[in-house]
Structure formats: structure tokens, C-alpha cells
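>>> here is a sequence together with a model predicted from it:
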Amino acid sequence: MLKKSRMIFFLYFLKNNLPGSRFAISVNRKIGNSVQRNFIKRKMKECFRLNRFLLEDSYDLWISVKKKFDRRNAAQAESLFLDALIKIKYR
């Protein structure tokens, strides 16, 4: 199980003047095989798609994944991502 203090990903964001937010994700080859990397990308993209309403303004978001997570602890990674989106809203 992942501890909350461990760094799973870095989230970079920048406010833009476009009508909507943009999202990018990068997962290094060291994280695992292609199946694991694509699982991580799918989970994070889906989490952003379902929760983009948390951002009132338009942002460019880029996630750089640093630690592997699988189906057992994907919910915790999504929780950390949602916390980050909420913190962006109040900056």
C-alpha cells in the first residue's frame, strides 16, 4: 500500500487563456511494461475527465509519474490527484 507521504507523481500546471483545460501525462519506461504504463495513463486521464469541473479556470496540466501503482492502490493515487486539483482551485 502506498503511503500518502510518498511522491507518486509530479503535477505541473499553468493557467491558460483557452476555453478549456488541457491534460498531458508522461510515464517513464522504468515504471513497468507497456500494459502497466497504459493502465496508469488510462486511470489518470479518466480521473481528470470526471473531475475537470473542480477547476473553475482553464489550465494546462502535466503529470509526470514517478512511482508505479497498480489496481490495488489506484484509488489512493486518484485521491492524491483529486487533492491536487482542489489545491489548484484555491491558489
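Noted; the coordinates are in hand. Numbers count the residues shown, from 1 in each chain.
>>> please tell me I have it right and residue 74 contacts residue 43.
Yes. Counting by C-beta atoms under 8 Å, residue 43 is a contact partner of residue 74 at 5.2 Å. (C-beta placed from N, C-alpha, C; glycine too.)
>>> for the lowest-mean-pLDDT helix or strand in the chain, packing partners?
Within the chain, judged by mean pLDDT, DSSP states H and E, the helix or strand with the poorest mean is helix 74-89; its value is a mean of 89. Applying 3 or more C-beta pairs under 8 Å, 6 or more residues apart in numbering; DSSP states H and E, one finds that helix 74-89 makes contact with strand 9-15, helix 34-51.
>>> what angle do it and helix 34-51 make?
Taking axes from the mean of the first three to the mean of the last three C-alpha atoms, to 10 degrees, one finds helix 74-89 and helix 34-51 inclined to each other by 40 degrees.
>>> what separates helix 74-89 from the chain centre, distance-wise?
Mean-position distance between helix 74-89 and its chain equals 7 Å (C-alpha atoms, centre = their mean, to the nearest Å).
>>> outside of it itself, list whatever touches it.
Residues outside helix 74-89 that contact it (C-beta atoms under 8 Å, 6 or more residues apart in numbering) are 1-2, 4, 8-9, 11, 13, 39, 43-44, 47-48, 51, 54-56, 59, 63, 69.
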